[in-house]
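Chemist: how would this look folded up:
(one chain, ligands or ions: 1)
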Amino acid sequence: MVTVIIGVLALQGDVREHLVALAAADAVAREVRRPEELAEVDGLVIPGGESTTISKLAVLFGLMEPLRARVRDGLPVYGTCAGMIMLADKILDPRSGQETVGGIDMIVRRNAFGRQNESFEAAVDIKGVTGDPVEGVFIRAPWVESVGAGTEVLAEHDGHVVAVRQGNALATSFHPELTGDHRVHGLFADMVRANRARRSL
Ligand SMILES: NC(=O)CC[C@H](N)C(=O)O
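Modeler: Numbering: from 1, shown residues only. You can find the predicted model right below:
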């Protein structure tokens, strides 16, 4: 198997849980806080946490533009919850000063499930993940309000889109890193490995 380095954007949020899940998916996992560290990874996870804080810290650390450039250039990325919000081309209700990296043609509504139910778990069937449904942990989770033509819907919960993929960018409203089931991280690590293999042809 090709060895790939997958970074976790380590500004705020559940970084450690993603590092563990990525290692379980046979990737070399590293924290990313600086542009030089971003330059070295084959893929990147943007964790769950608080998207406004992650956005502001990314600007402060000089990472926002390098992140946009690498994602535009096809870097495989996976965002969970706040990370999904960071990957949205558009947020329905941004806080002031909240920017996104973008990369997925979708409109995301922040805290969408939160108003109904702060936090819950539900079984989610994800396209591309074989076997039993994944245990979806939703914590003040966003949902995807609408997607563009190039964005594939991978999962829905309660009639709302909760997992999507566009090219090398993957996003889920929920947190597979909190469950001990590493299949979604496995799917992402496979995307990173496939991209590496393509690039070295
Ligand atoms: N668990 C999460 O990542 C919550 C996301 C948070 N509600 C936000 O808007 O950023």
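
Chemist: when you work out contacts or count neighbours from here on, use the C-alpha atoms and nothing else.
Modeler: OK.

Chemist: ok, now which ones touch the residue sitting nearest the centre point of the chain?
Modeler: Residue closest to the average C-alpha location in the chain (C-alpha atoms, centre = their mean): residue 79, at 0.8 Å. Neighbour list for residue 79: 45, 46, 47, 48, 85, 86, 87, 170, 171, 172 [criterion: C-alpha atoms under 8 Å, 6 or more residues apart in numbering].

Chemist: strands of the chain, start to end?
Modeler: In the chain, strands defined by DSSP state E lie at 5-9, 28-32, 43-46, 77-80, 88-91, 104-109, 119-124, 134-139, 143-147, 152-157, 160-166, 169-172, listed in chain order.

Chemist: wait, residue 196 touches residue 42, no?
Modeler: Yes - applying C-alpha atoms under 8 Å, one finds residue 196 in contact with residue 42, separated by 7.1 Å.

Chemist: which one of those two has more residues nearby?
Modeler: Comparing residue 196 with residue 42 by other C-alpha atoms under 10 Å, the one with more neighbours is residue 42, at 21 against 18.

Chemist: how many residues are close by residue 72?
Modeler: 13.

Chemist: need the nearest residue in space to it, chain neighbours excluded.
Modeler: residue 103 (6.8 Å; C-alpha to C-alpha, 6 or more residues apart in numbering).

Chemist: tell me who's in contact with the one you found.
Modeler: 68, 71, 72, 87, 88, 89, 166, 169.

Chemist: for it, what are phi and psi?
Modeler: phi 130, psi -20 (degrees, to the nearest 10).

Chemist: helices or strands up against the lengthiest helix in the chain?
Modeler: In the chain, ranked by residue count with DSSP state H as the criterion, the top helix is helix 183-199. Packing contacts for helix 183-199, counted by 3 or more C-alpha pairs under 8 Å, 6 or more residues apart in numbering; DSSP states H and E, involve helix 15-24.
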